[in-house]
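Asker: Return atomic coordinates for the entry below.
(chains A and B)
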Protein chains: 2
Amino acid sequence: MIRPVLFDYFRSSASYRVRIALALKGVDHDRVEVNLLEGGQREDSYRARNPQALVPMLEVDGRRIVQSLAIIQWLDRTYPDPPLVPTDPFDQAHVQALALAIACDIHPLNNLRVLKHLAGPLGAPQEVRDEWYRHWVKEGLAALEATAAERSGRFLFGDSPTLADICLVPQMFNARRFAVPLEPYPLLVRVDAEASRHEAFASAHPDRFQP
Amino acid sequence: MIRPVLFDYFRSSASYRVRIALALKGVDHDRVEVNLLEGGQREDSYRARNPQALVPMLEVDGRRIVQSLAIIQWLDRTYPDPPLVPTDPFDQAHVQALALAIACDIHPLNNLRVLKHLAGPLGAPQEVRDEWYRHWVKEGLAALEATAAERSGRFLFGDSPTLADICLVPQMFNARRFAVPLEPYPLLVRVDAEASRHEAFASAHPDRFQP
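Answerer: Modelled structure (predicted):
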C-alpha cells in the first residue's frame, strides 16, 4: 500500500483524533499542514480535493477519505491491530455512542468556523463566545461522564484505548484551552490522564505539531 | 430476541433516521414518544435511562443504545439484510463520510436545544436564528452535493439506499421546514425524491407520527 498522507491542522481536534489513531496503529504516513486560521482549507487547491473544506483528510493512493470518524473506521479495518472498537455488537455500539457524544454533540458547536460565525454575522462579543463554548462542553462532558461510568476501566471502555478515548483526549485538551472547570468529571479526568501517558496519544499532541 | 423499543420524537431528525433504518430492515418494534418540546427528555425517568437526555434511544432486552448512528450501525450488524453500508472499505468510508457530513456538520448546529440556547442566553431574535439555521444548512448541503457527485446513482452512493440517504432525507425535511432554497442542490433534491418514494422512507416520515 502507498504511504497515506494526512492533511492536518495541528490544533484541529478532529485531526488530532486521526493522529492518535495513526499512532496507535503504527501507520507510517506523510503530513501536510492546512492552516485553518489562514483559510488554507478554502483555497482552490484544497477544495478541489475536499469540497467540504475541512480537515482532516487522508489521501491513500489517490483516494481521499474525509470526516475523522470515517477515516478512523477505515484505518481500523485496514490495519486491524490493535482494534479500536470492541467486537461484541452492544459493546461496539456503546463505544461508538461515547465517541459520537463528543463528535456530534460537543465538537461541532465549538469549532473554529462556528466561533467565527458567532463573532462575525452574530456579532457576539468574546465573553459571549467563551460562555457558548463552555456551555456545550459542560453539558456534553456531564452526559459523557454519566454514560461512560458503568463500563469504564482504565479507559472509557475497558482497559485498552478505543475510539471513545481517541475522541475524549482532544476534547479535554480543548476544554482546558477554554478554562472549563473539570472537577465535575473525575472519570474523564482520570481516563484523559491515563491516555496522555500512552505514547501514541502523547505523540499526537498539538504541541508536537505547532508550526 | 426481545422486541426493541424506540424512544422517539416525531420531529427529531436523529430519531427519523432510526425509524428509516428500522423500516428498511423490517424490524418489528414498539415506540415511546418523548416530547422534546415539553422537555420529556429531561424528566428523571428518561434521564435515568439515558443521561445524554437526547432521543433516539433503542432499548433491547434491557440494554440501551443511544446516538442515532450507533443505533443504526448496531441494527446493520444485527439485521444484516439489506446492508446499509457497502462492503469495500473505501466505499464504506465514503458513505460514512456523507452521513457524518450531515450528522456532525449540519444537524448539531440546528437542533432544538441549540435554537433554544440562541434564543435564551444569547437573546438572538427569530430572524437571526432562522438565518443561523439556513447558513449551516446551505454550507453543509453544498459540501454534501459536491462530495456525493462523483459516485452517486439512484441514491447518494449507488442504486440502493445507504446510511447516507438515511441521514439525507430527514435533513432535507428540515431544510424545507426552514424554507432553505434547494435549487443549488439538484443531486440532493433528486435523491431525496427517489428515497421518498421508497416505502421504508415514507413510513418513517414525521407526519405519520405527529401526536
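
Asker: got the buried residues for stretch A:110-124?
Answerer: Buried residues in stretch A:110-124, defined by neighbour count with 16 or more other Cβ atoms under 10 Å in any protein chain shown: A:110, A:111, A:113, A:114, A:115, A:117, A:118, A:122, A:124. (Glycine included, C-beta is placed from N, CA and C.)

Asker: What's the local residue count around residue A:79?
Answerer: A total of 17 residues lie near residue A:79 under the criterion other Cβ atoms under 10 Å in any protein chain shown.

Asker: returning to what we had before: tell me which of the buried residues of stretch A:110-124 fall in helices.
Answerer: Taking DSSP state H as the definition of helices, the buried residues of stretch A:110-124 contribute A:110, A:113, A:114, A:115, A:117, A:118.

Asker: quick one, strands of chain A?
Answerer: Under the criterion DSSP state E, strands of chain A are mapped to A:5-8, A:30-33, A:57-60, A:63-66.

Asker: To chain B, which of the ones you listed lies closest?
Answerer: Distances from chain B to each of those were compared using Cβ to the nearest Cβ; the shortest belongs to strand A:63-66, at 4.6 Å.

Asker: Work out the sheet partners of that closest one and label each with its direction, please.
Answerer: strand A:57-60 (antiparallel) (DSSP bridges).

Asker: touching chain B at all, the lowest-mean-pLDDT helix or strand in chain A?
Answerer: The least trusted helix or strand in chain A, going by mean pLDDT, DSSP states H and E, turns out to be helix A:44-49, with a mean of 84. No: using Cβ under 8 Å from any Cβ of the partner chain, we find that helix A:44-49 stays clear of chain B, coming within 8.6 Å at best.

Asker: Name the residues of that helix that are buried.
Answerer: Along helix A:44-49, these residues count as buried under the neighbour rule (16+ other Cβ under 10 Å): residue A:46.

Asker: Can you show me the CA trace of it as CSV?
Answerer: Coordinates of each C-alpha in helix A:44-49 appear next as CSV, following Å, rounded to 0.1, in the frame of the first residue of the first chain:
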residue,chain,number,x,y,z
ASP,A,44,-8.9,26.1,-4.5
SER,A,45,-6.1,23.5,-4.4
TYR,A,46,-7.5,22.1,-1.2
ARG,A,47,-11.2,22.4,-2.0
ALA,A,48,-10.7,20.6,-5.3
ARG,A,49,-9.6,17.6,-3.2
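
Asker: ok so, going back, close to chain B as well: tell me which of the buried residues of stretch A:110-124 qualify.
Answerer: Filtering the buried residues of stretch A:110-124 for neighbours of chain B using Cβ under 8 Å from any Cβ leaves A:114, A:117, A:122, A:124.

Asker: Okay, domains of chain A per the record?
Answerer: Domain assignment for chain A by automatic domain parsing gives A:5-82, A:89-202.

Asker: For the first one, what is the distance to the chain centroid?
Answerer: Taking the mean of its C-alpha atoms, domain A:5-82 sits 11 Å from the chain's own mean (Cα atoms, centre = their mean, to the nearest Å).

Asker: Show me where chain A has its helices.
Answerer: Listed from the start of the chain, chain A has helices (DSSP H) covering A:13-25, A:44-49, A:68-78, A:89-103, A:107-110, A:112-119, A:126-149, A:163-177, A:186-196, A:199-203.

Asker: Give me the contacts around the second one.
Answerer: Outside helix A:44-49, the residues that touch it by Cβ atoms under 8 Å, 6 or more residues apart in numbering or on different chains are A:7, A:34, A:40, A:41, A:53, A:57, A:59, A:64.

Asker: Leaving out the residues flanking it, which one is nearest to the second one?
Answerer: Right, the one you point to is residue A:34. Of all residues not flanking residue A:34 in the chain, residue A:40 sits nearest, at 4.3 Å (Cβ to Cβ, 6 or more residues apart in numbering or on different chains).

Asker: Wait, the one you found touches residue A:32, no?
Answerer: No: Residue A:40 is not in contact with residue A:32 according to Cβ atoms under 8 Å; the separation is 9.5 Å.

Asker: Who has more neighbours out of those two?
Answerer: Of the pair residue A:40 and residue A:32, residue A:40 is the one with more neighbours under other Cβ under 10 Å, namely 17 against 14.

Asker: for stretch A:178-186, which positions count as buried?
Answerer: So for stretch A:178-186, counting by 16+ other Cβ under 10 Å, buried means A:180, A:182, A:185.

Asker: Mind putting the ones next to chain B among the buried residues of stretch A:110-124 into CSV with pLDDT?
Answerer: Shown next, in CSV, are those (pLDDT from 0 to 100):
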residue, pLDDT
A:114, 94
A:117, 92
A:122, 89
A:124, 92
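
Asker: Same list, the strands of chain A, but as JSON lines with distance to residue B:195 and mean pLDDT please.
Answerer: Converted to JSON lines, those look like this (distance: least, Cβ to Cβ, whole Å; pLDDT from 0 to 100):
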{"stretch": "strand A:5-8", "distance to residue B:195": "32", "mean pLDDT": "95"}
{"stretch": "strand A:30-33", "distance to residue B:195": "36", "mean pLDDT": "94"}
{"stretch": "strand A:57-60", "distance to residue B:195": "27", "mean pLDDT": "96"}
{"stretch": "strand A:63-66", "distance to residue B:195": "23", "mean pLDDT": "94"}
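
Asker: Now distance to residue A:147 too, for those, in TSV please.
Answerer: TSV is the format used below for the strands of chain A (distance: least, Cβ to Cβ, whole Å):
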stretch	distance to residue A:147
strand A:5-8	29
strand A:30-33	33
strand A:57-60	28
strand A:63-66	27
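
Asker: From chain B, how far off is residue A:208?
Answerer: Residue A:208 is 25 Å from chain B, where distance means Cβ to the nearest Cβ, to the nearest Å.

Asker: Can you list the neighbours in contact with stretch A:136-147?
Answerer: Outside of stretch A:136-147, the residues within contact range by Cβ under 8 Å, 6+ apart are A:97-98, A:101-102, A:105-106, A:109-110, A:168, A:171, A:174-175, A:178, A:180, A:182, A:184-188, B:51-54, B:66.

Asker: again, 7 Å this time
Answerer: Among residues not part of stretch A:136-147, those counted as contacts by Cβ atoms under 7 Å, 6 or more residues apart in numbering or on different chains are A:97-98, A:101-102, A:105-106, A:109-110, A:175, A:178, A:180, A:184-185, A:187-188, B:51-53.

Asker: Buried subset of these, written for PyMOL?
Answerer: With 16+ other Cβ under 10 Å as the burial test, the buried ones among these are selected in PyMOL as follows:
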select buried, (chain A and resi 97+98+101+102+105+106+109+110+175+180+185+188) or (chain B and resi 51+52+53)
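
Asker: who's sitting farthest from the centroid in chain A?
Answerer: When distances to the mean C-alpha position of chain A are computed (Cα atoms, centre = their mean), the maximum falls on residue A:123, with 27.8 Å.
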